[in-house]
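[1] Return atomic coordinates for the entry below.
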Amino acid sequence: MRTLLTGILFFIFLTSQVLAQKTSLPHPTAAQLAWHDTEFYLFFHFGPNTFTNLEWGHGTEIEDLFNPTALDCDQWCRIAKQAGAKGVIITAKHHDGFCLWPSKYSKHTVRESKWRNGEGDVLRELAEAARRNGLKLGFYLSPWDRNHPQYGTPEYNEVYANTLTELLTSYGELFEIWWDGANGEGPNGKRQVYDFHRFEKIAAQLQPNAVIFSDIGPGCRWAGNEAGLILTETNWCTLDTVGFQRGAGGPPQDTLNQGNINGANWMPAECDVSIRPGWFYHQEEDEKVKNPDQLWDLYLNSVGKGANLILNIPPDQRGRINARDSVSLVSFGQKLRDGFDMNLLKGKKRESTGARCVFAPKRFVGEVNDGDRSTYERVRFDRVGEAVVQFDLRRKKHFNTIVLREYIADGQRIQSFKVEAKYGQKWKEIAQSKTIGARKIIQFPTIKSRRIRVIVLEAKDMPLLSEVELYKI
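    Prediction:
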């Protein structure tokens, strides 16, 4: 009898696994899954603007203006690691057209400057520093070029394709390629018609593991603001892009921020923001650096709502991260490590709840609290239309933060949920929200309880929960 029951349970398990994975929902590629895991990384805006005190250069700046006196990319990467970042992206070329490497397709590069006697290559130094520090690497390459004489002509697309190829084949593996939609006038007064389809094919061929950022991806999307925020509790990783283009023709900003519930493409949001009011270094902003608490709030409202966060840290004229930025970042990184150091649910017992778990033991360690994002549990809805995951902490503990993750490899499903804690014989709601996606962090006033449960209220398909974590922060 025991053997027969075991066989039946195994058959039910296998069948439900197969059914759970047969879905028509959009889901991420392997590259996008790796991008989701990166979560938080730094942006470095660096170039002639650092020395002219501008945000957008004119393209007419003389090359000798670029002359960092003590460039130290290892310092950038050490600070990134201490801040909890997993990658770095740099403005290889901004709108002014100045290349931070000695490009063969431009005469407006570090080669024409006096820095390193014309032998320097900022990208090479950053790539090597990133590898030494275990960080992923990405490049921003502005299609708009206010310096190149062929900008505004069909020939410029060839120049850009060659420049892109140069970048993607010279510095190792990249995790992200960053495009914005800027398209202003070049030195001849003309605007460019970009051949983005060609550029995308080059990127896919040369860096298949790199995710392309833009208003319409195709790898990840802009979140619709430069404040670094998902503005509501809703953030779908899917987006419809038919009829839209990069830049002025992109989707509406609220759509970029929330995504489309039934979007055709897996295109998660990336939140971009600078630690200072500006994107390039300006000495007068030294007293306006965001403090650790502000960075924490940005993290909760980006990574904590299922997006990735790219935080800009502009190096100064020495080629170093300013001490004010460094202190704030390191303190924020420590807060991250301390805050998520002890998951109160890891290894604790899951409690079976009602008929949905009739064959399960009353208390067991589940896949949702094993600390492994690659495992998951199907959470079935009961007769009253709820799907419950319930935990026993064994004794009452204080907590104020819950973290949830969906198994997004099979798409995003959960539309809304609530969290309850047990007081005596009664359950009390302590939080409620909308989508989960890659990661959802919810904070609430500190409470003390032994039992807690997550109740899925609405879902597009059978909910697949990967992790539920509980913290006292």
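
[2] mind listing the helices for the stretch 51-200 of the chain?
    Counting by DSSP state H, counting those that start in this stretch, the stretch 51-200 of the chain has helices at residues 73-83, 122-132, 154-168, 196-206.

[3] Using a markdown table, lay out those together with mean pLDDT, distance to Phe417 and mean neighbour count.
    In this view, the C-beta of every residue, glycine as well, is placed from N, C-alpha and C. What follows is those, written out as a markdown table (pLDDT from 0 to 100; distance: least, CB to CB, whole Å; neighbours: other CB atoms under 10 Å):
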| stretch | mean pLDDT | distance to Phe417 | mean neighbour count |
| --- | --- | --- | --- |
| helix 73-83 | 98 | 30 | 21 |
| helix 122-132 | 98 | 37 | 20 |
| helix 154-168 | 98 | 41 | 18 |
| helix 196-206 | 97 | 36 | 15 |
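
[4] Can you lay out the ones you listed as CSV showing distance to Glu287?
    Converted to CSV, the helices of the stretch 51-200 of the chain look like this (distance: least, CB to CB, whole Å):
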stretch, distance to Glu287
helix 73-83, 19
helix 122-132, 27
helix 154-168, 36
helix 196-206, 40
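
[5] Now do Arg276 against Gly319, distance only.
    Separation of Arg276 from Gly319 (CB to CB, to the nearest Å): 17 Å.

[6] One more: Ala92?
    Using CB to CB, Ala92 is found at 15 Å from Gly319.

[7] repeat for Tyr471
    Taken as CB to CB, the span from Tyr471 to Gly319 is 38 Å.

[8] same check, this time on His398
    Taking CB to CB, one finds His398 at 46 Å from Gly319.

[9] Quickly list what the spatially closest residue to Thr91 that is not a sequence neighbour is bridged to.
    Residue nearest to Thr91 in three dimensions, not counting chain neighbours: Tyr140, with 4.7 Å by CB to CB, 6 or more residues apart in numbering. With beta bridges defined as DSSP bridges, Tyr140 has these partners: Thr91, Trp178.

[10] what's near enough to touch Tyr140?
    By CB atoms under 8 Å, 6 or more residues apart in numbering, Tyr140 lies in contact with 43, 89-94, 178-180.

[11] For the stretch 251-400 of the chain, give me the ranges with low pLDDT.
    By pLDDT under 70, the low-scoring segments of the stretch 251-400 of the chain are 352-365.

[12] Show me the helices in it, by range?
    Counting by DSSP H, counting those that start in this stretch, the helices of the stretch 251-400 of the chain are 253-258, 292-300, 323-339.

[13] And the longest one, what's buried?
    Read it as helix 323-339. Within helix 323-339, the residues that count as buried by 16 or more other CB atoms under 10 Å are 324-326, 328-333, 335-336, 339.

[14] what sits up against that helix?
    Contact with helix 323-339 is made by 79-80, 82-84, 275-276, 286-287, 289-292, 295-296, 299, 313, 321, 401, 471, 473, as judged by CB under 8 Å, 6+ apart.

[15] Please apply the same query to stretch 368-377.
    Residues outside stretch 368-377 that contact it (CB under 8 Å, 6+ apart): 37, 343, 345-348, 350, 366-367, 389, 391, 405, 407, 464-469.

[16] List only buried entries from the residues you listed.
    Buried subset of the contacts of stretch 368-377 (neighbour count, 16+ other CB under 10 Å): 343, 345, 348, 350, 366-367, 389, 391, 405, 407, 464-469.

[17] Tell me which of the helices of the stretch 251-400 of the chain lies nearest to Glu128.
    Closest to Glu128 of the helices of the stretch 251-400 of the chain is helix 323-339 (CB to CB; 20.8 Å).

[18] what separates that closest one from the chain centre, distance-wise?
    Centroid separation for helix 323-339 versus its chain: 19 Å, with CA atoms, centre = their mean, to the nearest Å.

[19] from the contacts of Tyr140, which single one is nearest Asn53?
    Sorting the contacts of Tyr140 by how near they are to Asn53, with CB to CB, puts His94 at the top with 14.4 Å.

[20] Show the pLDDT at that closest one.
    What the model reports for His94 is a pLDDT of 98.

[21] Check the one 3 residues further on too.
    For Gly97, the pLDDT comes out at 98.

[22] Can you name the residues that contact it?
    59, 106, 108, 142, 145-148, 151.

[23] Now it: closest residue in space that isn't a chain neighbour?
    Among residues not flanking Gly97 along the chain, Asn147 sits closest, at 3.1 Å (CB to CB, 6+ apart).

[24] Isn't Gly172 up against Leu137?
    Yes. Applying CB atoms under 8 Å, one finds Gly172 in contact with Leu137, separated by 6.7 Å.

[25] Comparing these two, which residue is more hemmed in?
    Legend: neighbour count by other CB atoms under 10 Å for Gly172 and Leu137, higher for Leu137 (24 against 12).

[26] That one touches Val88, doesn't it?
    Yes. Contact criterion CB under 8 Å: Leu137 and Val88 qualify, at 6.3 Å.

[27] Touching both of these two, which residues are there?
    Contact criterion CB under 8 Å, 6+ apart; residues shared by Leu137 and Val88: 126, 130.

[28] quick one: the residue nearest to the spatial centre of the chain from Asn117, how far?
    Nearest to the centroid of the C-alpha atoms of the chain, with distances taken as CA atoms, centre = their mean, sits Asn308, at 1.8 Å. Going from Asn308 to Asn117 by CB to CB gives 39 Å.

[29] Where do the domain boundaries of the chain fall?
    The chain breaks down by automatic domain parsing into domains covering 30-339, 343-471.

[30] for those, which one ends up most surrounded?
    Across the domains of the chain, averaging neighbours per residue (mean count of other CB atoms under 10 Å) puts domain 30-339 on top, at a mean of 19.

[31] Okay, now that one: how far is its last residue from its first?
    In domain 30-339, first residue to last residue: 29 Å (CA to CA, to the nearest Å).

[32] circling back to that earlier point, could you export the contacts of Tyr140 as CSV, including distance to Thr69?
    Below are those laid out as CSV (distance: CB to CB, whole Å):
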residue, distance to Thr69
Phe43, 23
Ile89, 24
Ile90, 19
Thr91, 20
Ala92, 21
Lys93, 22
His94, 21
Trp178, 27
Trp179, 31
Asp180, 30
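
[33] Which one of these is nearest to Ala264?
    Nearest to Ala264 among these is Trp179, at 20.6 Å by CB to CB.

[34] Nearest approach to Ser24 belongs to which of the domains of the chain?
    Nearest to Ser24 among the domains of the chain is domain 343-471 (8.6 Å), distances taken as CB to CB.
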